[in-house]
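Chemist: Fold the following, please.
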Amino acid sequence: MARHLVAVGQLIDEDPAEALAHALAARRLAARIAAVREAVGLAAYHAGEWQMAVAELRTYHRMTGLQSHLAVLADCERALGRPERAIDLYRGADRKGLDRAVAGELLIVAAGARGDLGQKDAAVAMLQVPELTGEAAEPWTVRLRYAYADALLAVGRREEAREWFSRAAEVDADGVTDAAERLLELDGVMIEGDDEDEVEDVTAGPDALGAGSEEPDAEPVAGDAPDAESTGAQDASDDGAGDTPDDGAGDPSGLSAQRSGGDSESPVDGDEAGTGK
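Modeler: Prediction:
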């Protein structure tokens, strides 16, 4: 079981499907160990298995009493086309027991869920928290600025959006978001790819062959926590390895390093979301 968990940690970013296979193998051996259920949930999240991720992470939270993956849960609900459930998770979070980074990521996801519901002005208002203008440059605060810029752009406040993409890019030394590219895009600067022109060599003679073209590989693309809204729905799940949440369908809006419209980043460490997405 331990070897499978080690493999999950090594493969989760590079080969999520294989990481999930190892996590499921560990669950078959030790389904009552909380760390195993956590590993299955996070591996499922990285592999895009949203329903499985929800079931496993809710089981993990119930087994441990922790709230360490609420942002991931909320992101999964958005991916399943249930943004109202993402907002309920945000409302029902215990702010006093919530890690600052988790609270920030959860806020970003909840604001994105507001946008999904067409409540774009509300999404902007949600993100106007003290941490937005703070000096800290943690990964989640970078994504917070990015999400705020994206929310401003969604309501047509282009100049303000440009300012906040710029402020996000200034502190994004690790490339957590694509804020610099978004900023250039707003300025009308197009970034050319590295594609080489196709070169065709024609050799004289009856057996001459034309040279092929070469194309490059495509690239896929702490203080108090932010105040939460008034308390609402709480998590609920069933025990056992076969936990399954309500059916839902849909893809996340963007969760590379950052979910568009306020998701968590890269998967929460486990945007993360906005993200993020």
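Chemist: any idea how far the closest residue in space to residue 149 that isn't next to it in sequence lies from residue 65?
Modeler: Excluding the flanking residues, the one nearest residue 149 by C-beta to C-beta, 6 or more residues apart in numbering is residue 164, at 3.6 Å. The way it works is simple: take the backbone N, C-alpha and C, and place the C-beta from them, glycine included. When distance is defined by C-beta to C-beta, to the nearest Å, residue 164 is 37 Å away from residue 65.
Chemist: likewise residue 80?
Modeler: For residue 80, the distance to residue 65 - C-beta to C-beta - is 25 Å.
Chemist: Who has more neighbours out of these two?
Modeler: residue 80 (22 against 8; other C-beta atoms under 10 Å).
Chemist: Verify the stated contact: the more buried one with residue 51.
Modeler: Yes: counting by C-beta atoms under 8 Å, residue 51 is a contact partner of residue 80 at 6.8 Å.
Chemist: Following the chain onward from the host helix or strand of residue 167, which element is next?
Modeler: Remark: residue 167 resides in helix 158-171, with elements defined by DSSP states H and E. Remark: after helix 158-171, the chain's next helix or strand is helix 179-186, criterion DSSP H and E.
Chemist: now for that next one, which elements pack on it?
Modeler: Counting contacts by 3 or more C-beta pairs under 8 Å, 6 or more residues apart in numbering; DSSP states H and E, helix 179-186 packs against helix 139-154, helix 158-171.
Chemist: Make a markdown table out of those and add distance to residue 34, mean neighbour count and mean pLDDT.
Modeler: Formatted as a markdown table, the helices and strands packed on helix 179-186 follow (distance: least, C-beta to C-beta, whole Å; neighbours: other C-beta atoms under 10 Å; pLDDT from 0 to 100):
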| stretch | distance to residue 34 | mean neighbour count | mean pLDDT |
| --- | --- | --- | --- |
| helix 139-154 | 24 | 27 | 94 |
| helix 158-171 | 35 | 19 | 94 |
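Chemist: Those helices: which one's closest to residue 90?
Modeler: Between residue 90 and those, the tightest spacing by C-beta to C-beta is seen for helix 139-154, at 13.5 Å.
Chemist: Just the CA atoms of that closest one, as PDB, please.
Modeler: Taking C-alpha atoms only, helix 139-154 is exported to PDB below (Å, rounded to 0.1, in the frame of the first residue of the first chain):
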ATOM      1  CA  PRO A 139       0.900  31.500  -4.900                       C
ATOM      2  CA  TRP A 140      -2.700  31.900  -3.800                       C
ATOM      3  CA  THR A 141      -2.400  35.700  -3.500                       C
ATOM      4  CA  VAL A 142      -1.000  35.800  -7.100                       C
ATOM      5  CA  ARG A 143      -4.100  33.800  -8.200                       C
ATOM      6  CA  LEU A 144      -6.300  36.100  -6.200                       C
ATOM      7  CA  ARG A 145      -5.100  39.100  -8.200                       C
ATOM      8  CA  TYR A 146      -5.400  37.200 -11.400                       C
ATOM      9  CA  ALA A 147      -9.000  36.100 -10.600                       C
ATOM     10  CA  TYR A 148      -9.900  39.700  -9.700                       C
ATOM     11  CA  ALA A 149      -8.500  40.900 -13.000                       C
ATOM     12  CA  ASP A 150     -10.400  38.300 -14.900                       C
ATOM     13  CA  ALA A 151     -13.600  39.200 -13.000                       C
ATOM     14  CA  LEU A 152     -13.200  42.900 -13.800                       C
ATOM     15  CA  LEU A 153     -12.700  42.000 -17.500                       C
ATOM     16  CA  ALA A 154     -15.900  40.000 -17.500                       C
END
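Chemist: For residue 165, which residues are in contact?
Modeler: Neighbouring residues of residue 165 by C-beta atoms under 8 Å, 6 or more residues apart in numbering: 146, 149, 179, 182, 183, 186.
Chemist: burial measure for the fifth one, as a count.
Modeler: With neighbours defined by other C-beta under 10 Å, the count for residue 183 comes to 21.
Chemist: re earlier: surely the residue nearest to residue 149 meets residue 152?
Modeler: Yes: using C-beta under 8 Å, residue 164 is in contact with residue 152, at 6.3 Å.
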